[in-house]
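[1] compute the structure for the input listed below.
(4 chains)
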2 protein chains.
Amino acid sequence: MKDKTGVPRRSRQATADRGVSIRAVAAHAQVSIATVSRVVNGLANMATPETAARVRAAIAELGYRPSSAGRSLRQRESRLVAVIAANLANPAMTAIAASVEVALRSRGLVLALCDSHDQPELQDEYLLEMRAHLVRATVLLGAVASPKLVAMIEAGEPLLFVNRRCPCDDDQPFIGIDNRRAGQDAAEFLLAKGICDVAVAHGHLASSATLDRIAGIGEAFAAAGAPVPPERFLTTQGAEHLEIGYRAADHLLSAGKPPAGLICASDMIAFGAHRRLVEAGLAPQAMPQFLGFDDNPLNPWVAPWLSSVRIPYQAYGDAVVRMIDAGGPRRIILEHQIVDRSPH
Amino acid sequence: MKDKTGVPRRSRQATADRGVSIRAVAAHAQVSIATVSRVVNGLANMATPETAARVRAAIAELGYRPSSAGRSLRQRESRLVAVIAANLANPAMTAIAASVEVALRSRGLVLALCDSHDQPELQDEYLLEMRAHLVRATVLLGAVASPKLVAMIEAGEPLLFVNRRCPCDDDQPFIGIDNRRAGQDAAEFLLAKGICDVAVAHGHLASSATLDRIAGIGEAFAAAGAPVPPERFLTTQGAEHLEIGYRAADHLLSAGKPPAGLICASDMIAFGAHRRLVEAGLAPQAMPQFLGFDDNPLNPWVAPWLSSVRIPYQAYGDAVVRMIDAGGPRRIILEHQIVDRSPH
DNA sequence: TAAGTCAACGAAAACGTTTACGTGACGGCA
DNA sequence: TGCCGTCACGTAAACGTTTTCGTTGACTTA
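    Numbers count the residues shown, from 1 in each chain, chains lettered A, B, ... in the order given. Down below sits the predicted model:
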C-alpha cells in the first residue's frame, strides 16, 4: 500500500514510539510521572526495586527517551556544548572538533558546531545564539576579540578557550600546549642540527598561539648567540596559511639563497612554502630543513619532508569534558612532541 | 573587587540580560506576552506599527532572545539539524560539514555534529538521541545499514542522505554527484590520453558511491574495448583509505610493472598509493597517471601529481537547506568536474 | 442608529520535564 | 497505645514559548 498522496510522511506515525512522553510511560507502568522521572535520573533510593523494574520495562517497551526540550526548559540547561571554531577549513580545527565530539558523546553531551570565520560579528552572533540554546559550555577554538565576548565573560558564562587564549582576559579557562616552550623546542631542534641560518613564516599576531611560538623561537636562537634578524620573520596580512607560506618562500627566493632552516607556525604554511620552492626548481640539497606546527595526520603520506611539532589534538576532547565537569582546573597544558622527519 | 570566593561564577548575573524571558519584554513594552511573540515571529499584520516598534525597542533594550527550549517544546521541533558523519577523519566529510554549517546559519538553523565511526550501533544511538532533540532533519553523511534506520524511515522521520544513498530504501532523499557518470568520466579521461592499462583502488563496497564509481569505470573501459580484469580492482577490508592505497600499490609492485593509469576511489587512497610507489623508488616516467575522487583542497599544494574528480562540496550546504525547506526535490544531483593535473 | 466586519490585542492552555512538598503506611520506642 | 521518623510515592507548580479563542473598540454599511 503505497502513499502517493501529498500528505507529509511525518503524519504516518507507524512505529508509535514517536512522541512517547513520560506521561505514557507512567500510565503504562501504573505509577506517577514523578516516579518515572526519578527512575530515569537514577534517584534509585527513591523507588522500590520492583517499581523501578516496572518503570524500566515500560520505558523499554515504549521506546521512551526523555525530551531534550522539556528537560532544558525545566533545568535551564541543555545537554548541548557549543564549539565555535575560527576556521573549519583548517584541518587542525576539525581534528579538535572531532576529538571533542567523541569525548562529549561518552558523557551524554551533544556537539553544536559553529564556524566564526574569524569574524568578530559572527562570533558574537554565535555566542548569543548558543546561550539562547542554554548550552552547558561554549568552547572557543581560536577566539577573536569581540564586544559580546567580554559581556559573556562579565556575565560569568561558562567559556572555554582552546589553542588561543582569551584575547581579553588571561585568566579564562584555557586548553592547549605551551606554545612558547614549543617555539623554543623548535629552535633547539634546528640548532642541534647545526642550523643557525633560519627564517620564520607565521600568521597574524592576534593569536596568542602564534605570538608565543615566535617569541619562543626568538628567545632560543638569541640564547644560542644566533639571533634571528627581524626581517627573517615573514607574514602576509589577511591571507590564508597556504598563501602565507607561498609568499614567504617567494620572498626568500627573491632575497637570494634560501636559509638552511625554515620554521613555519603551522603545517599549512609549510605546505605553501615548500610548494613555492619546488616550483622554483630548488635542488634537493638546497632545500631548507622544514619545521612545522600541528603535525597534520597526512604528513607522513604527502609531506615526508616536513618535521613538525605534534600537538595532541586527540587529547583535547577529554580535556574539554574534564573542564566542563569539574569546572575545576582553569588551565590544562598538554604535551607537545617534535616529530623528526629530516634525512637524519 | 575580586571574587576569591568559591561561588560559581554563573551566579553573578552582571549584565542582567541573562534570563530575560518574553514575559520581561512584555512587561517592559506594556503589552501582552502574545503580542511580543507575534512581533518576534513576524506576524506583522497582527500588530500596530507603533506597538511593534515599542516591542522591538524593549527587545533591543533588554537584549532578549527567544529561548530555544521553550520554542522547541511548544512547536515540537527545534532549530537543530543533525549531521551524522561516517568518519570525521576524512577531510571530505568535514568539508561537507563545514559547508552545511554555513548554509544552516543563513537560515537560522544550528548544526549538531555526530561521528558514527561507520558503526551501526553508534549510528542508531545518534538517530535516537537526535530525535529526542526534535531535530528538524537528520543528514546522514555516509549512512550504514542499521535497525533504527529502517525504523526511522518507516516512522517518516525527515532523513537526508548525502554521498551514499540510503542502504535500505533507494527512494529516500539524496544529495550527491552522479557517481556512475563520474566513474565513466574518469575512465574516459585516461582513455583520451591513450591509457588502457589501468588498476582501480577502492574502499569497501557497502557504499553506493564506491559501488557506482567502479561500475562506471568498468563500463567505460569495457565499452572502449579494453575491459579491466577483475584482479585489477584492489581493496583491503577494514582498512582506512590511506592504508588501502598503500597496500594496493604494494600489490601492484609485487605483480610486476605498475599499470599506466591508477584510478583511486578517493584522494586519500591516491595519497597512500603514491607514497608506496615513491618509497619503491619508481622513476618519475614510470609513475602511473593518477586519478582520484574528491579533489582535496590541499591537492595543488601537496599532490600536484594528482588529477581528480572534483566534487562540489561547497555546494552541498545549500542543497541541504533547500531540501529541508522545500521538502520538495527528493534528489539533488550536483555536477562534478575533472581537474587535470597531468604533465600536459 | 443598529447591525455587522474586522483589526488589535489579551487570557489561557498546552508542550514534557524536574522537583518541592504533601501524604499515607509502616516500624521503632517510650 | 501514642508519637515520631522514614520510606515510597503522588500532586502540582514552574520553566518559556506558541497559538487558539475571546473580547474590545473602531469603522463600514444599510
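[2] hang on, A:Val100 packs against A:Tyr316?
    Yes - under the criterion of Cβ atoms under 8 Å, A:Val100 makes contact with A:Tyr316 at 6.5 Å. Every residue, glycine included, has its C-beta placed from N, CA and C.
[3] more crowded one of the two?
    When A:Val100 and A:Tyr316 are compared for neighbours, A:Val100 comes out ahead with 28 against 24, by other Cβ atoms under 10 Å in any protein chain shown.
[4] what's the angle between the helix or strand containing the more buried one and helix B:91-105?
    Taking DSSP states H and E as the definition, A:Val100 sits inside helix A:91-105. Relative orientation of helix A:91-105 and helix B:91-105, computed by axes from the mean of the first three to the mean of the last three Cα atoms, to 10 degrees: 80 degrees.
[5] now do the contacts for A:Asn296.
    Listed by Cβ atoms under 8 Å, 6 or more residues apart in numbering or on different chains, the contact set of A:Asn296 reads A:Pro91, A:Ala92, A:Asp267, A:Met268, A:Ala303, A:Ser308.
[6] farthest pair within those residues?
    Greatest spatial distance among the contacts of A:Asn296 (Cβ to Cβ): A:Ala92 and A:Ala303, at 14.3 Å.
[7] what separation do you get for A:Val83 and B:Leu62?
    Separation of A:Val83 from B:Leu62 (Cβ to Cβ, to the nearest Å): 28 Å.
[8] A:Val320 now?
    Distance, A:Val320 to B:Leu62, by Cβ to Cβ: 32 Å.
[9] when those two are compared, which one has more neighbours?
    A direct count of neighbours by other Cβ under 10 Å for A:Val320 and B:Leu62 places A:Val320 higher, at 27 against 17.
[10] surely that one meets A:Ala97?
    No - the criterion here is Cβ under 8 Å, and A:Val320 misses it with A:Ala97 at 10.4 Å.
[11] what about A:Leu291, helix or strand, and which?
    Taking DSSP H and E as the definition, A:Leu291 sits inside strand A:289-294.
[12] quick check: A:Leu234 touching A:Ile214?
    No - between A:Leu234 and A:Ile214 no contact is recorded; they are 10.7 Å apart, counting by Cβ under 8 Å.
[13] need the overlap of contacts for those two.
    A:Val200, A:His202.
[14] tell me the secondary structure for the closest residue to A:Ala222 other than its chain neighbours?
    In space, and not counting its chain neighbours, A:Ala222 is closest to A:Val228: 7.9 Å by Cβ to Cβ, 6 or more residues apart in numbering or on different chains. Secondary structure state of A:Val228, per DSSP: H, G, I helix; E, B strand; the rest coil, is coil.
[15] and stretch A:112-132, anywhere near DNA strand D?
    No - contact between stretch A:112-132 and DNA strand D is absent, the nearest approach being 7.8 Å (criterion: Cβ under 7 Å from any atom of the strand).
[16] partner strands of the strand holding A:Leu291, parallel or antiparallel?
    Strand A:289-294 sits in its sheet next to strand A:261-264 (parallel), strand A:306-310 (parallel), going by DSSP bridges.
[17] the longest one: what's the following helix or strand?
    This points to strand A:306-310. Following strand A:306-310 toward the C-terminus (DSSP H and E): helix A:316-326.
[18] strand partners (parallel or antiparallel) of the helix or strand just after the helix holding A:Val100?
    Moving toward the C-terminus from helix A:91-105, the next helix or strand (DSSP H and E) is strand A:110-115. Each strand that pairs with strand A:110-115, with its direction, by DSSP bridges: strand A:80-85 (parallel), strand B:110-115 (antiparallel).
[19] report the inter-axis angle for the last one versus helix B:316-326.
    If you take the same axes, to 10 degrees, strand B:110-115 sits at 120 degrees to helix B:316-326.
[20] which element is the residue lying closest to A:Ser32 once chain neighbours are set aside on?
    Excluding its sequence neighbours, the residue lying closest to A:Ser32 (Cβ to Cβ, 6+ apart) is A:Ala26, at 5.9 Å. Remark: A:Ala26 resides in helix A:22-29, with elements defined by DSSP H and E.
[21] same for that helix, what does it pack against?
    Helix A:22-29 sits against helix A:33-40, helix A:49-62, with contacts defined as 3 or more Cβ pairs under 8 Å, 6 or more residues apart in numbering or on different chains; DSSP states H and E.
[22] give me the phi and psi for the residue of the stretch 151-300 of chain A found nearest DNA strand D.
    Residue of the stretch 151-300 of chain A nearest DNA strand D, by Cβ to the nearest atom of the strand: A:Ala155 (15.1 Å). Phi and psi for A:Ala155, reported as degrees, to the nearest 10, are phi -80, psi 0.
[23] what is the neighbour count of it?
    A:Ala155: 18 surrounding residues under other Cβ under 10 Å.
[24] for A:Ala223, same thing?
    A:Ala223: 13 neighbours (other Cβ under 10 Å).
[25] could you measure from it over to B:Ala85?
    46 Å.
[26] can you put the strands paired with strand A:110-115 in a markdown table and add distance to A:Gly203?
    Output for these, formatted as a markdown table (distance: least, Cβ to Cβ, whole Å):
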| stretch | distance to A:Gly203 |
| --- | --- |
| strand A:80-85 | 15 |
| strand B:110-115 | 25 |
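[27] got those as CSV, with mean neighbour count and mean pLDDT columns?
    Shown next, in CSV, are the strands paired with strand A:110-115 (neighbours: other Cβ atoms under 10 Å in any protein chain shown; pLDDT from 0 to 100):
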stretch, mean neighbour count, mean pLDDT
strand A:80-85, 26, 98
strand B:110-115, 26, 98
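[28] which one, of those, ends up nearest to A:Leu160?
    Sorting these by Cβ to Cβ, the top spot, which is the nearest, belongs to strand A:80-85 at 8.9 Å.
[29] give me the residues contacting that closest one.
    Applying Cβ under 8 Å, 6+ apart, the contact partners of strand A:80-85 are A:93-94, A:96-97, A:100, A:104, A:109-116, A:123, A:126-127, A:130, A:133-143, A:320, A:324, B:112.
[30] what number of residues lie near the closest residue to DNA strand C within the stretch 201-344 of chain A?
    At 17.0 Å from DNA strand C, A:Asp325 is the closest residue in the stretch 201-344 of chain A, using Cβ to the nearest atom of the strand. A total of 12 residues lie near A:Asp325 under the criterion other Cβ under 10 Å.
[31] so who does the closest residue in space to it that isn't next to it in sequence touch?
    Distances taken as Cβ to Cβ, 6+ apart put A:Arg107 closest to A:Asp325, at 7.4 Å, once the chain neighbours are dropped. A:Arg107 is in contact with A:Val321, A:Ile324, A:Asp325, counting by Cβ under 8 Å, 6+ apart.
[32] distance of A:Arg107 from chain B?
    In this view, A:Arg107 and chain B are 12 Å apart by Cβ to the nearest Cβ, to the nearest Å.
[33] quick one, phi psi at that residue?
    phi -100, psi 0.
[34] what does chain A have sitting close to DNA strand D?
    Within chain A, the positions lying close to DNA strand D (Cβ under 7 Å from any atom of the strand) are A:30-35, A:45-48, A:50-52, A:73-74, A:76.
[35] tell me the SS of A:Thr236?
    Once three-state DSSP is applied, A:Thr236 turns out coil.
[36] pretty sure it is touching A:Gly245, no?
    No - judged on Cβ under 8 Å, A:Thr236 makes no contact with A:Gly245 at a distance of 9.3 Å.
[37] any idea what sits nearest A:Ala303, other than its immediate chain neighbours?
    Nearest residue to A:Ala303, sequence neighbours excluded (Cβ to Cβ, 6+ apart): B:Val302, at 5.8 Å.
[38] how many other residues sit next to the one you found?
    25.
[39] now do the contacts for the residue minimising distance to the centre of chain A.
    Centroid check for chain A by Cα atoms, centre = their mean gives A:Ile96 as the closest residue, at 3.6 Å. A:Ile96 makes contacts with A:Ala85, A:Leu141, A:Val162, A:Asn163, A:Tyr313, A:Tyr316, A:Gly317, as judged by Cβ under 8 Å, 6+ apart.
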